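In: Provided below are the primary sequence and the corresponding predicted coordinates.
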Amino acid sequence: MSLSVVILAAGQGTRMRSTLPKVLHPLAGRPLLAHVVATAEALSPARIVVVHGHGGDLLRQQLAALPVLWAEQREQLGTAHAVLQALPLLPEGGPVLVLYGDVPLIRPTLLERLLAARAETGFSLLTVSLPDPSGYGRILRDATGAITRIVEHKDANAAEREVREVNTGVLAVDGERLHAWLPRIGKANAQGEYYLTDLVGLAVAEGVAVKGVCAPEPLEVAGVNNRLELARVERAFQQTAAEALMLAGTTLADPARFDLRGELRCGIDVSIDVDVVIEGRVLLGDGVRIGPFCLLRDCELAAGTEVLAHSTLDGVQSGRDCRIGPHARLRPGTRLGDEVHIGNFVEVKQSSIGPKSKLNHLSYVGDTLMGSGCNIGAGTITCNYDGAAKHQTVLGNEVFVGSDVQFIAPVRVGDGATIAAGTTVAEDAPAGQLTVGRMRQQVIPGWRRPQKSGSDNGSTDR
């Protein structure tokens, strides 16, 4: 029978002290809820229903691309009431898995165990053992190991409070039973809410054994209720990601100082220094080296490329054996051929740089097509924006550009041309020729520097 997944995401999350709905707070660069949906997708369900409440419009707007159905819980009347809002979207047949939008680290393998346990009796519950279970509902079992009751901490006696196994709220149940039981849950409790945990009592009353599956690690089922817990979950996620990379052959100088906020694929012998942030989809070829304090977003770097310290690469594709940085900024649309050198304080945007070309110092290159073997001097600027539109600069192969040159786009420079230092290129420059466009140096005989008057005379203040 086809699987249905219900994700509860209607809570306001007041302890986050934020105007942003709790499940939209980011973990590793993605909203908490997006992680839970991805986990659910790994189980190949027929449908995923997200129950939203607080900030629902924003939730649906920002996560519109998620393959989910939406159900609204207008009043926050408890977890059973939340699932009740999803019930019209669920078939009566097949298993139903209930997850939470603020529990992002749970793995598909653990949920597969939970679903397998449900197949035995029709109802399974995910639990966890805690060193200090204070405040949590205790799991009580019979001699066969079946769960008979969940007792809240405030209602537990001394012996029951010694139990360390607690309820996580995650459960799997037959759809037919869920449709029958949910409307029977009442709210005769101190909070006046409809609790999903009351399903256990209904199951036991009908002789349905509730199978318990204990999570191996508390962090895997940890919920996020405040920013401190969010930070702890973030570190746990990053540690797991770092360990997986290192086991796959990537060198991390310090796994505690690495942040993956997207997808990273590495070839062999890739090394990443401290405080590197990966965002979006990043592919690093064999032998790529990333220096400290770098940001890489949506990049593909071919084998042998080195990125030096404090560089930002966003939407970049590089050829083999490139050298980038330190303090380089490569913006979207940058394409580098093999063996390109991009030096310190160089910015490149929406440009293609040909093989073996070099921009080593203090330059801005935007909207440019550059051939192979070019050498660009320090302080070179492509003036690509006229205040209304962008224009292109085209440099041929083997062009040599001196320092402090401005290209007033649109402009073309032929193969083998040389542009003298200090030149403003406002017209096309011919191939193989020297182009000079600067004022002739003059010396003014008898000129004297102005002097300050009175007590200020001779002051060195600036």
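Out: Great, that's in hand.
In: And the pLDDT for residue 55?
Out: On pLDDT, residue 55 comes in at 82.
In: Would you mind listing the buried residues in stretch 215-235?
Out: 215, 219, 220, 221, 222, 223, 224, 230, 233, 234 (16 or more other CB atoms under 10 Å). (Each C-beta comes from the backbone N, C-alpha and C, glycine too.)
In: I misspoke; the intended subject was stretch 98-107.
Out: Burial within stretch 98-107, assessed by neighbour count using 16+ other CB under 10 Å, is assigned to 98, 99, 100, 101, 102, 103, 104, 105, 106, 107.
In: What is the nearest of the residues you listed to residue 177?
Out: residue 98 (12.8 Å; CB to CB).
In: Regarding that closest one, what is its secondary structure?
Out: Here residue 98 is recorded as strand under DSSP: H, G, I helix; E, B strand; the rest coil.
In: ok, what's across the strand from it?
Out: Note on residue 98: beta-bridge partners residue 6, residue 171, judged by DSSP bridges.
In: check contacts around it.
Out: Going by CB atoms under 8 Å, 6 or more residues apart in numbering, residue 98 touches 5, 6, 7, 8, 83, 169, 170, 171, 172, 173, 196.
In: Please verify my assumption that the first one contacts residue 47.
Out: Yes - between residue 5 and residue 47 there is a contact at 7.3 Å, judged by CB atoms under 8 Å.
In: When these two are compared, which one has more neighbours?
Out: More crowded of residue 5 and residue 47, by other CB atoms under 10 Å: residue 5, with 26 against 19.
In: how close does the more buried one get to residue 161?
Out: Distance of residue 5 to residue 161, given as CB to CB, to the nearest Å: 33 Å.
In: what secondary structure does the nearest residue in space to residue 104 that is not next to it in sequence sit in?
Out: Closest residue in space to residue 104, ignoring its immediate chain neighbours: residue 35 at 3.8 Å, by CB to CB, 6 or more residues apart in numbering. With three-state DSSP as the basis, the three-state label of residue 35 is helix.
In: try residue 235
Out: Three-state assignment for residue 235 (three-state DSSP): helix.
In: do you know how far it is from residue 109?
Out: Separation of residue 235 from residue 109 (CB to CB): 22 Å.
In: Wasn't residue 394 part of a strand?
Out: Yes - with three-state DSSP as the criterion, residue 394 is located in a strand.
In: Please name the residues that touch it.
Out: The contact partners of residue 394, by CB under 8 Å, 6+ apart, come to 368, 369, 411, 412, 413.
In: Please enumerate the strands of the stretch 1-150 of the chain.
Out: 4-9, 26-27, 30-31, 47-52, 69-72, 95-100, 123-129, 138-141, 147-151 (DSSP state E, counting those that start in this stretch).
In: Can you check the pLDDT for residue 34?
Out: We have a pLDDT of 97 for residue 34.
In: need the contact list for it.
Out: Residues near residue 34 by CB under 8 Å, 6+ apart: 63, 66.
In: What mean pLDDT does stretch 223-237 get?
Out: 95.
In: Could you do stretch 298-313 as well?
Out: The average pLDDT within stretch 298-313 is 98.
In: Show the end-to-end separation of that stretch, please.
Out: Using CA to CA, to the nearest Å, one end of stretch 298-313 lies 8 Å from the other.
In: Give me the domain ranges for this structure.
Out: Domain ranges of the chain: 4-221, 227-435, per automatic domain parsing.
In: So which of those is nearest residue 453?
Out: Closest approach to residue 453 among these is made by domain 227-435 (35.5 Å; CB to CB).
In: Just name the most buried of the strands of the stretch 1-150 of the chain.
Out: strand 4-9 (a mean of 27; mean count of other CB atoms under 10 Å).
In: next SSE after the host helix or strand of residue 180?
Out: Under the criterion of DSSP states H and E, residue 180 resides in helix 175-181. Where DSSP H and E defines the elements, the next helix or strand beyond helix 175-181 is helix 198-205.
In: distance between the helix or strand just after that next one and the chain's centre?
Out: Using DSSP H and E, the next helix or strand after helix 198-205 towards the C-terminus is strand 211-215. Centre-to-centre, strand 211-215 and its host chain are 31 Å apart (CA atoms, centre = their mean, to the nearest Å).
In: Show residues contacting strand 211-215.
Out: With contact meaning CB under 8 Å, 6+ apart, strand 211-215 is reached by 106, 110, 113-114, 117-118, 120-121, 123-129, 139, 141, 145-147, 165, 168, 221.
In: do that again at 6 Å, thanks
Out: Strand 211-215 is contacted by residues 113, 114, 117, 120, 121, 124, 125, 126, 127, 128, 147, 221 when judged by CB atoms under 6 Å, 6 or more residues apart in numbering.
In: hmm, back to that, which one of the contacts of residue 98 is nearest to residue 384?
Out: Using CB to CB, residue 7 comes nearest to residue 384 of the contacts of residue 98, at 46.8 Å.
In: Test my guess that the closest one contacts residue 49.
Out: No - Residue 7 is beyond contact range of residue 49, at 7.1 Å (criterion: CB atoms under 6 Å).
In: okay, and for this structure, where does confidence drop off?
Out: Scanning the chain for pLDDT under 70 picks out 1, 454-462.
In: Could you tell me the phi and psi values at residue 294?
Out: Dihedral pair for residue 294: phi -110, psi 150, per degrees, to the nearest 10.
In: okay, now it: neighbour count?
Out: Residues near residue 294, counting by other CB under 10 Å, number 24.
In: cool, the one 10 residues further on as well?
Out: Close neighbours of residue 304, defined as other CB under 10 Å, add up to 19.
In: partners of residue 383 in the sheet?
Out: Residues in beta-bridge contact with residue 383 (DSSP bridges): residue 408.
In: How much space separates it from residue 205?
Out: 79 Å.
In: more neighbours, those two?
Out: Just comparing residue 383 and residue 205: by other CB under 10 Å the higher neighbour count belongs to residue 383, 17 against 10.
In: doesn't residue 408 make contact with that one?
Out: Yes - the pair residue 383 / residue 408 is scored as a contact, 5.0 Å apart, by CB under 6 Å.
In: residues in contact with residue 76?
Out: By CB under 6 Å, 6+ apart, the contact list for residue 76 reads residue 53.
In: circling back to that earlier point, which one of the buried residues of stretch 98-107 is nearest to residue 298?
Out: residue 104 (22.7 Å).
In: where does residue 243 land in three-state SS?
Out: helix.
In: How about it, nearest residue that isn't a chain neighbour?
Out: Counting by CB to CB, 6+ apart, residue 243 lies nearest to residue 255, which is 6.9 Å off, once chain neighbours are set aside.
In: Would you check how far apart the one you found and residue 35 are?
Out: Separation of residue 255 from residue 35 (CB to CB) stands at 20 Å.
In: Near the nearest residue to residue 122 once chain neighbours are set aside, how many other residues are there?
Out: The shortest distance from residue 122 to any residue other than its chain neighbours is 4.4 Å, reached at residue 174 (CB to CB, 6+ apart). For residue 174, the neighbour count with other CB under 10 Å is 21.
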